[in-house]
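Undergrad: give me a model of this one.
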Amino acid sequence: MKILLVTTISDTINAFLIPHIEMLVNGGHRVEIAFNIHSEIDHKIINLGCKIHRIEFKRSVYDKKNLIAFKQIRKVIKEEKYHLIHTHTPIASFLTRLACLTIRGHDINIIYTAHGFHFFRQAPFINWLLYYPVEKFLSRYTKIIVTINREDYQIARKKFKRGSTRFINGVGVCLDKFSPSNQTEKIRLRGKYGYNVNDYILVYAAELNYTKHQDLLISAINLLKNNIPEIRLLLAGTGNLSETYQKQVRQLCIDAHVHFLGYRKNISELLTISDVAVSSSRREGLPVNLMEAMATGLPIIATNCRGNRDLITNGYNGILVDGNNIQQMADAIQRLYLNKDLLIQFGKKNLSLINRYSTQTILKEMKKIYESAGLS
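TA: Numbering: from 1, shown residues only. All right, here's what the predicted structure looks like:
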């Protein structure tokens, strides 16, 4: 069968969906991909023989250039005549499904994986006003909606008029790439990256933006700098608030404690040298960065938001804190610093849980979903 995978930008394919494409290609299907090229296309996609359609999707719903993207994706769908379209990410999924509605005589099965609805329990009212009616309307023309956290699943199942709603545990994490290491390897890598054996290292790999809310962590580190002089927060990623957060660190005079690493491809090694994984996000779909930390055997401290609480049970495999409570975040960080037994206990629990989120497990579930959409 001829299948089109659509995402807003190429980064999503590169980071999460290559194993999914490999499964489809190995199953004898012809896979084409549509996205805006934001980062260099992974060579594995080229080697798989996937035809690539560059669509000028923009990540902001207010960007008028998405009108151009709508015309482009509509033209591709009309000319290529796909058997199945699988969409990911909100903007691309909205424009693609809308385009399908405007093409007469085309009966295409559509799967939509929602990586996190913009409307959720703690979302601003404007999000519900703008996004909920659109998603509800388009659900009528979507064969299967795939959700990756429990809150989105309940909303879609109860509120949308859809063919089917399915729940899976994310897009999958590669357990061959992220695995627990021994103390010898941890010490070796710390030396490689210039960190000391006794440093208390926290890591957060995420885009530097409003949603990821790194300023909460920076403020917490400021509260702890005297009690834990050896504390180090590693922020891996880039984003539109990079300069703002760096300015905050300089003003607090905590440059020695907060390290901006930029875009990194060595996340597995950064996790290996760390003691705790942290997340200050305001919302998540199902965060891959935390799943990777779980696979490394790290305890987790995270804000109590959608997505984070799907992975972390407070007091069982990590600690959940209020999303805007600096003191709670600082207290949780200090608690694990002072209680090494609890730190180890949480890490072991995460290792016991991670198999349900593995790429192998997720691909088995996705295969069933594709079959139920008519893919043989």
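
Undergrad: and the end-to-end length of stretch 98-115?
TA: This stretch, stretch 98-115, spans 18 Å end to end (C-alpha to C-alpha, to the nearest Å).

Undergrad: quick check: buried residues in that stretch?
TA: Under the neighbour-count criterion of 16 or more other C-beta atoms under 10 Å, stretch 98-115 has 98-100, 108-115 buried. C-betas here are computed from N, CA, C, even on glycine.

Undergrad: identify the residue spatially nearest to Asn169, adjacent ones excluded.
TA: Tyr357 (4.8 Å; C-beta to C-beta, 6 or more residues apart in numbering).

Undergrad: from Met294, how far off is that neighbour?
TA: To Met294, Tyr357 is 7 Å away according to C-beta to C-beta, to the nearest Å.

Undergrad: any common contacting residues for these two?
TA: The overlap between the contact sets of Tyr357 and Met294 (C-beta atoms under 8 Å, 6 or more residues apart in numbering) consists of 173, 311.

Undergrad: which one's more surrounded, the two?
TA: More crowded of Tyr357 and Met294, by other C-beta atoms under 10 Å: Met294, with 28 against 25.

Undergrad: so who does that one touch?
TA: If a contact means C-beta under 8 Å, 6+ apart, then Met294 has 173, 300, 311, 317, 350-351, 353-354, 357 as its contacts.

Undergrad: ok, Val61 next?
TA: Val61 neighbours (C-beta under 8 Å, 6+ apart): 90-91, 130.

Undergrad: so what's the spatially closest residue to Ser358 that is not a sequence neighbour up against?
TA: Excluding the flanking residues, the one nearest Ser358 by C-beta to C-beta, 6+ apart is Leu175, at 5.0 Å. By C-beta under 8 Å, 6+ apart, the contact set of Leu175 is 295, 354-355, 358-360.

Undergrad: going by neighbour count, which of those residues are buried?
TA: For these, a burial check counting by 16+ other C-beta under 10 Å picks out 295, 354, 358-359.

Undergrad: looking at those, which one is closest to Phe137?
TA: Among the buried ones among the contacts of Leu175, Thr359 lies closest to Phe137 (C-beta to C-beta), at 33.0 Å.

Undergrad: how near is the closest residue to His106 other than its chain neighbours to Ser268?
TA: Closest residue to His106 apart from its sequence neighbours, by C-beta to C-beta, 6+ apart: Cys100 at 6.6 Å. Distance, Cys100 to Ser268, by C-beta to C-beta: 39 Å.

Undergrad: ok, Gly28 next?
TA: Distance from Gly28 to Ser268, by C-beta to C-beta: 32 Å.

Undergrad: between the two, tell me which one has more neighbours.
TA: Using other C-beta under 10 Å, the more surrounded residue of Gly28 and Ser268 is Ser268, with 16 against 8.

Undergrad: so the more buried one sits against Glu292, correct?
TA: Yes. Shown here, Ser268 and Glu292 form a contact pair, counting by C-beta atoms under 8 Å, at 7.4 Å.

Undergrad: who touches both of these two?
TA: With C-beta under 8 Å, 6+ apart, Ser268 and Glu292 have common neighbours Phe178.

Undergrad: does Leu320 really touch Asn308, like I thought?
TA: Yes. Here Leu320 reaches Asn308: they are 6.9 Å apart, a contact under C-beta under 8 Å.

Undergrad: give me the common contacts of the two.
TA: In contact with both Leu320 and Asn308: Ala302, using C-beta under 8 Å, 6+ apart.

Undergrad: where do the helices of the stretch 51-200 of the chain begin and end?
TA: If you assign secondary structure with DSSP state H, counting those that start in this stretch, the helices in the stretch 51-200 of the chain sit at 66-80, 90-101, 125-139, 150-159, 183-193.

Undergrad: out of these, deepest packed?
TA: Of all the helices of the stretch 51-200 of the chain, helix 90-101 carries the top mean neighbour count, a mean of 22, counting by mean count of other C-beta atoms under 10 Å.

Undergrad: quick one: that helix to chain centroid distance?
TA: How far helix 90-101 lies from its chain's middle: 21 Å, per C-alpha atoms, centre = their mean, to the nearest Å.

Undergrad: who does it touch, helix- and strand-wise?
TA: Judged by 3 or more C-beta pairs under 8 Å, 6 or more residues apart in numbering; DSSP states H and E, helix 90-101 is in contact with strand 2-9, strand 30-36, helix 66-80, strand 84-88, strand 109-114, helix 125-139.

Undergrad: so what touches that helix?
TA: So helix 90-101 is contacted by 6-8, 34-35, 55, 57-59, 61, 66, 69-70, 73-74, 77, 85, 87, 106, 108, 110, 112, 114-115, 117-118, 131, 134, 138, 141-142 (C-beta under 8 Å, 6+ apart).

Undergrad: what mean pLDDT does that helix get?
TA: Over the span of helix 90-101, the pLDDT mean works out to 94.

Undergrad: in the chain, mark out all the strands, start to finish.
TA: All strands of the chain, identified by DSSP state E, fall at 2-9, 30-36, 51-54, 84-88, 109-114, 144-147, 165-167, 200-205, 231-236, 258-262, 276-279, 300-303, 318-321.
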